[in-house]
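1. From the sequence below, what's the structure:
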Amino acid sequence: MPIGLTEIVLILVVLIIVIPLLNASIKIIREYERAVVFRLGRLVGAKGPGLILIIPFVDNLMKVDLRVVTVDVPKQEIITRDNVSVKVDAVIYYRAVDPIAAITKVSNYHYSIMMLGQTVLRDVIGQVDLDDLLQKRDELNKRIQDIIDETAMSWGIKVTAVTLKSVELPEELMRAMAKQAEAERWRRARIIEAEGERQASAVLVEAASMYEQHPTALRLRELQTMIEIAREKALVVITETGATDVGKTVAMYKALREREER
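-> This next block holds a predicted model:
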């Protein structure tokens, strides 16, 4: 039986209505997402991942990303406990662990985390001295993270890490710290130099004591020095040696020559 014009029009109307309805009813939720569904304003629950069906014009769907998200805490000027003005910024890493709470407990959790980070950062930095701020960053990062996480968990958000990005000091303070560092390097250099002089003096005292106990060794050292000078300058060195010491000097000279030849 041939299809009439009326049937064709009816089929087209049905297709025009059904296809958009099917498209609006079928939703694909990725592995790292969850869909929080509301039906006529009432919470139905979280769905996904995969293919889900909703009722068009009745159900409302809001997606929540479960991956770790970063939020930059803008740089702000803070006064430390020892009254030093510094500019500090930070990065907060968080992820949604409860999609329903992330949607129903706070209107914009990303913005709320950023504002909470600013407040906590200002409070924590204001309670520490500049030295602690510069030297104990890991402790401060963990402290800030714990405080933010305590509040964010009620929003279904888990703060995984907080990192202080930079700490800017006043220019005059930076110059003073540079001078202090230079003075410290100079002090250490002087200590090393003084220690070297002390060790050298100790060696000289030990040598003087040995020469005092063994005059022959002192004379042998003098003769060795003269021989070295004579060899370098091609000179003949005549020493003032008493008659009684000539034999000793010659013997020492021969012994020295034999040692050098060996």
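2. Is residue 140 in a helix, a strand, or coil?
-> Following DSSP: H, G, I helix; E, B strand; the rest coil, residue 140 is assigned to helix.
3. burial measure for it, as a count.
-> For residue 140, the neighbour count with other CB atoms under 10 Å is 21. C-beta: built from backbone N, CA, C; applies to glycine.
4. these two touch, right, it and residue 147?
-> No: with contact defined as CB atoms under 8 Å, residue 140 does not count as touching residue 147 (10.8 Å).
5. Tell me how many other residues surround residue 142.
-> Neighbour tally, residue 142, other CB under 10 Å: 13.
6. Without its sequence neighbours, what residue ends up closest to it?
-> Distances taken as CB to CB, 6 or more residues apart in numbering place residue 162 nearest to residue 142, at 7.9 Å, with adjacent residues excluded.
7. Now do residue 20 against residue 114, distance only.
-> Per CB to CB, to the nearest Å, residue 20 is found 38 Å from residue 114.
8. more neighbours, these two?
-> Neighbour count, other CB under 10 Å: between residue 20 and residue 114, residue 114 has more, with 15 against 11.
9. pretty sure the more buried one is touching residue 92, no?
-> Yes: counting by CB under 8 Å, residue 114 touches residue 92, with 7.4 Å between them.
10. Pull up the overlap in contacts between the two.
-> Shared contacts of residue 114 and residue 92 (CB atoms under 8 Å, 6 or more residues apart in numbering): 71, 73.
11. Residue 110 versus residue 152, what's the distance?
-> Distance from residue 152 to residue 110, by CB to CB: 11 Å.
12. Please identify which of those two sits among more neighbours.
-> Using other CB under 10 Å as the criterion, residue 152 and residue 110 rank with residue 152 on top: 24 against 14.
13. pLDDT wise, what is the more buried one at?
-> Confidence at residue 152, expressed as pLDDT, is 96.
14. now do the one 5 residues further on
-> You'll see residue 157 listed with a pLDDT of 97.
15. Go ahead and confirm it touches residue 102.
-> Yes: Residue 157 is within contact range of residue 102, at 6.2 Å (criterion: CB under 8 Å).
16. hey, what's in contact with both of the two?
-> Common neighbours of residue 157 and residue 102 (criterion: CB under 8 Å, 6+ apart): 96, 109.
17. Pull the number of nearby residues for residue 117.
-> Neighbours around residue 117, by other CB under 10 Å: 26.
18. would it count as being in a helix?
-> Yes: the assignment for residue 117 is a helix, going by three-state DSSP.
19. give me phi/psi at the residue lying closest to it once chain neighbours are set aside?
-> Nearest non-adjacent residue to residue 117, counting by CB to CB, 6+ apart: residue 73, 4.3 Å away. Here is the backbone geometry of residue 73 (degrees, to the nearest 10): phi -90, psi 120.
20. and the gap between residue 73 and residue 184?
-> Residue 73 is 33 Å from residue 184, where distance means CB to CB.
21. cool, residue 50 as well?
-> Distance from residue 50 to residue 184, counting by CB to CB: 63 Å.
22. Name the residues that touch the one helix or strand residue 64 maps to?
-> Per DSSP states H and E: residue 64 is located in strand 59-65. Residues outside strand 59-65 that contact it (CB under 8 Å, 6+ apart) are 27, 29, 32-39, 41, 44, 46, 54, 96, 99, 102-103.
23. Determine the next helix or strand in the C-terminal direction from the helix or strand harbouring residue 150.
-> In the assignment (DSSP H and E), residue 150 maps to helix 137-152. Next helix or strand after helix 137-152 toward the C-terminus (DSSP H and E): strand 157-168.
24. how much does the helix or strand following that next one deviate in direction from strand 157-168?
-> Proceeding N to C from strand 157-168, the next assigned helix or strand is helix 171-213, under DSSP H and E. Put simply, helix 171-213 runs at 70 degrees to strand 157-168, going by axes from the mean of the first three to the mean of the last three CA atoms, to 10 degrees.
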